[in-house]
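[1] Model the structure of this input:
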Amino acid sequence: MSFLFPSATITFEAALRDLRQGSPKARAFAAHALGGVTDPAERRRAAEALMGALDDDRPEVRAEACAALGELREVMAIAALAKRLTDGTAPVRQCAAIALGSLGELARGAGFDALVETLREGPADARFQAATSLAEIDAVAAYGPICGALSDRDPQVVGAAALSLGAIGDRRAVPLLLDKLNHEDAGTRFDVAYGLAELGQTAGREILAAALVDAERAWDAVTALALLEPPELALLRGALTNKKVSPEATVLAAGAILRREPGDEPARRVLLAALAARKVHVRGLAVEQLEDVGGSWAVMPLEKLARGGKGAELVEAIGAALRKIDERKREEDDA
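    Numbering: from 1, shown residues only. Model (predicted):
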């Protein structure tokens, strides 16, 4: 979890000092910074200091310390992170669960068991994150506890469980998810439909299609529809011309279509038009998609963007896209 600190640098020793005796803001920033330590010797010292910060009297410091320990992936922190799953502040509990998930298989045993207990008995916010983190640690062992969470009283926890089961990929979950597809909560229905799509099931197709015009869910709807075999290309093509679909989701839909149909002209036009979008992040998304699916038809527009003012912030990404396109062309020529 980041508290959106401004970009700044701090030395390792200064971070350790501030974590011990700085102001609350300085302590939180120091914890955040220590999560990026890479030197092996410094990593251990950072982890020890961060474990001490898990008992800080300020929740923002404890939350940042949890997040940083997850980034460091230090096994020695597992017990301390597990303890914070019962912290009195929701963001701290959530960051502790996320950190344990970040440790992956390293957290098997005590970390996994603590998350199972949290999924059964913890507050809703912690149960929600526990479902995701368990799947990251041990997908096979997590299957049973996560299936049990489909009966949770909180709809967001049910949704998180559905998404985790989709990520695990065990098709035994299909009938269990189908049983939740008519859940009373709209967000949960969407999560169940997404989970089913990850398992190759089209039963939630209409729910996903309806979400294409939902600004909060359109991106995920496109992603899920593209997962289906065969992918729902008709729905994705419809998103290209639907003004109610966000520009971001439209760009993603165009990329998804071109992964399956490289010669699709409407999808190509959407990506090329997005290179001139007013918002830089939309232009950036178009460049990212072209890196994956662009051909010779995209080279000149990308080079033009790189030379113009709208490409000033994207030069590096444009260069990567052009190199990838050239690499694909050479592979095709050699085939």
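
[2] remind me, longest helix of the protein?
    Ranked by residue count under DSSP state H, the longest helix found in the chain is helix 315-334.

[3] Need the contact partners of it.
    284, 287-288, 290-292, 294-296, 298-299, 302-303, 305-306, 311 (CB atoms under 8 Å, 6 or more residues apart in numbering). Yep, even glycine has a C-beta here, placed from its N, CA and C like the rest.

[4] For that helix, output the C-alpha coordinates as CSV.
    This file holds the C-alpha atoms of helix 315-334, laid out as CSV (Å, rounded to 0.1, in the frame of the first residue of the first chain):
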residue,chain,number,x,y,z
VAL,A,315,9.6,8.0,-26.2
GLU,A,316,11.0,5.0,-24.3
ALA,A,317,7.7,3.0,-24.7
ILE,A,318,7.5,3.9,-28.4
GLY,A,319,11.1,2.7,-28.9
ALA,A,320,10.3,-0.6,-27.2
ALA,A,321,7.2,-1.0,-29.4
LEU,A,322,9.1,-0.3,-32.5
ARG,A,323,11.8,-2.8,-31.6
LYS,A,324,9.3,-5.5,-30.8
ILE,A,325,7.5,-4.9,-34.1
ASP,A,326,10.8,-5.1,-36.0
GLU,A,327,11.6,-8.3,-34.1
ARG,A,328,8.3,-9.9,-35.1
LYS,A,329,8.9,-8.9,-38.7
ARG,A,330,12.3,-10.5,-38.8
GLU,A,331,10.9,-13.7,-37.3
GLU,A,332,8.2,-13.8,-39.9
ASP,A,333,10.8,-13.3,-42.7
ASP,A,334,12.9,-16.1,-41.3
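
[5] picking that back up, nearest to Ala130 among the contacts of helix 315-334?
    Glu288 (31.8 Å; CB to CB).

[6] helix or strand right after the strand or helix carrying that closest one?
    According to DSSP states H and E, Glu288 maps onto helix 280-293. Sequence order places helix 299-307 as the next helix or strand after helix 280-293, per DSSP H and E.

[7] Who are the packing partners of that following helix?
    helix 280-293, helix 315-334 (3 or more CB pairs under 8 Å, 6 or more residues apart in numbering; DSSP states H and E).

[8] could you dump these to TSV with mean neighbour count and distance to Val213?
    Below are these laid out as TSV (neighbours: other CB atoms under 10 Å; distance: least, CB to CB, whole Å):
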stretch	mean neighbour count	distance to Val213
helix 280-293	21	17
helix 315-334	14	28
